[in-house]
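Visitor: Test case, fold it:
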Amino acid sequence: MANEVTVPLLPCPSIDDVVAFYRVLGFDPTYQQRRPNPYVALRREDLHLHFFEIAGFDPEQSYGSCLVLTADIEGLHRAFATGMRAAYGKVLVSGTPRMTRPRARKNYDGLSGFSVIDPGGNWIRVVHNVETVPAPQRTSTGRLARAVANAVVQADSRGELRQAVRILDSALARPSSDDDPVELVEALVYRAELAVALDDPETATDLLNRAEQIVLTDDETVRAAPAFENAADLAAALR
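Guide: Sure, this is the predicted structure:
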């Protein structure tokens with residue numbers, strides 16, 4: 001048979017908090033009940049997420065997760081970020097809820113992805129649909145690019161932020177004349193993002209300042225544009 005649909009059913013401590021958050025991302029409730037058990041169904045175009053409430057549920061202990069396959073990673077992230085800026089004045093990059101940025105995933109054949117961690121502690125992992133997206137044409141092989149790729153696996157995929165910090169700190173502590181300046185910017189900004197997520201604003205500010213002071217050519221400035229866009233969001237989060 002064909003045309004079956006699978007809908008994830010995820011736990012949360014409060015369906016009201018879940019509804020408020022997902023409305024920011026452009027979702028609307030299609031069904032909601034309080035009895036006999038609190039439950040809500042949410043929809044954004046063809047994206048469906050359902051939630052059930054558990055009294056006393058701890059989002060930090062949640063293993064709830066699902067994959068969202070899309071042909072437009074950047075467009076969906078941009079829409080979510082726009083909603084966050086309108087509602088909160090910034091993109092949420094720390095605490096719960098929060099959202100990571102699209103990055104190539106070493107553990108997903110180099111394709112890009114990002115995650116939304118919602119008020120229930122559920123990881124909504126948005127990844128490229130491999131049936132609609134060609135393999136990446138450019139893969140960075142520099143020392144810093146490899147460090148960032150390994151850190152992304154730890155932090156963005158596994159939620160192991162401190163392990164990602166150790167990877168990046170080790171790489172940044174050993175500068176080389178062969179380092180690509182754009183990769184250095186990307187490593188510094190990603191390390192700053194981890195500092196924000198770990199509630200370390202002083203380190204984050206220092207790293208962003210270091211990234212801003214790197215001299216780039218016009219071509220390098222274009223390549224570094226996504227990293228500097230992330231830096232602007234981080235600076236807003238630090239205010």
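Visitor: Lowest-scoring secondary structure element of the protein by mean pLDDT?
Guide: Within the chain, no helix or strand scores below strand 103-104, which has a mean of 86 by mean pLDDT, DSSP states H and E.
Visitor: Tell me how far the following helix or strand past that strand lies from the chain's centre.
Guide: Towards the C-terminus, the helix or strand next in line after strand 103-104, according to DSSP states H and E, is strand 112-117. In terms of CA atoms, centre = their mean, to the nearest Å, the gap separating the centre of strand 112-117 from the centre of its chain is 4 Å.
Visitor: Sheet-wise, list the partners of the next helix or strand after strand 112-117 with their directions.
Guide: Using DSSP H and E, the helix or strand that follows strand 112-117 in sequence is strand 123-128. When pairing is defined by DSSP bridges, strand 123-128 lines up against strand 65-70 (parallel), strand 112-117 (antiparallel).
Visitor: could these go into TSV alongside mean pLDDT, mean neighbour count and distance to Val222?
Guide: For the C-beta atoms, the positions are set from N, CA and C on the backbone; glycine is no exception. TSV is the format used below for these (pLDDT from 0 to 100; neighbours: other CB atoms under 10 Å; distance: least, CB to CB, whole Å):
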stretch	mean pLDDT	mean neighbour count	distance to Val222
strand 65-70	94	16	25
strand 112-117	92	22	18
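Visitor: Quick check: which of those is nearest to Glu220?
Guide: strand 112-117 (20.6 Å; CB to CB).
Visitor: Show me the contact partners of that closest one.
Guide: Under the criterion CB atoms under 8 Å, 6 or more residues apart in numbering, residues 25, 73-74, 77, 80, 96-105, 123-128, 156-157 lie in contact with strand 112-117.
Visitor: how does it look with 6 Å?
Guide: 73, 77, 96-102, 104-105, 123-128 (CB atoms under 6 Å, 6 or more residues apart in numbering).
Visitor: Sort out which of those residues are buried, if you could.
Guide: Neighbour counting with 16 or more other CB atoms under 10 Å marks 73, 77, 97-102, 104-105, 123-128 as buried within these.
Visitor: In contact with the residue most central in space within the chain, which residues?
Guide: Geometric centre of the chain, nearest residue: Thr100, 1.5 Å, by CA atoms, centre = their mean. Applying CB under 6 Å, 6+ apart to Thr100 gives the contacts 114-115, 156.
Visitor: any idea how far it lies from Leu42?
Guide: For Thr100, the distance to Leu42 equals 20 Å [CB to CB, to the nearest Å].
Visitor: Low-confidence ranges, the chain, go.
Guide: The chain contains residues with pLDDT under 70 at 1, 108, 133-140.
Visitor: Strands along that one, start to end?
Guide: Applying DSSP state E to the chain gives strands spanning 9-12, 28-33, 39-44, 47-53, 65-70, 98-99, 103-104, 112-117, 123-128.
Visitor: Return the list of helices and strands in contact with the third one.
Guide: What it means is strand 39-44. Helices and strands touching strand 39-44, by 3 or more CB pairs under 6 Å, 6 or more residues apart in numbering; DSSP states H and E, are helix 15-24, strand 28-33, strand 47-53.
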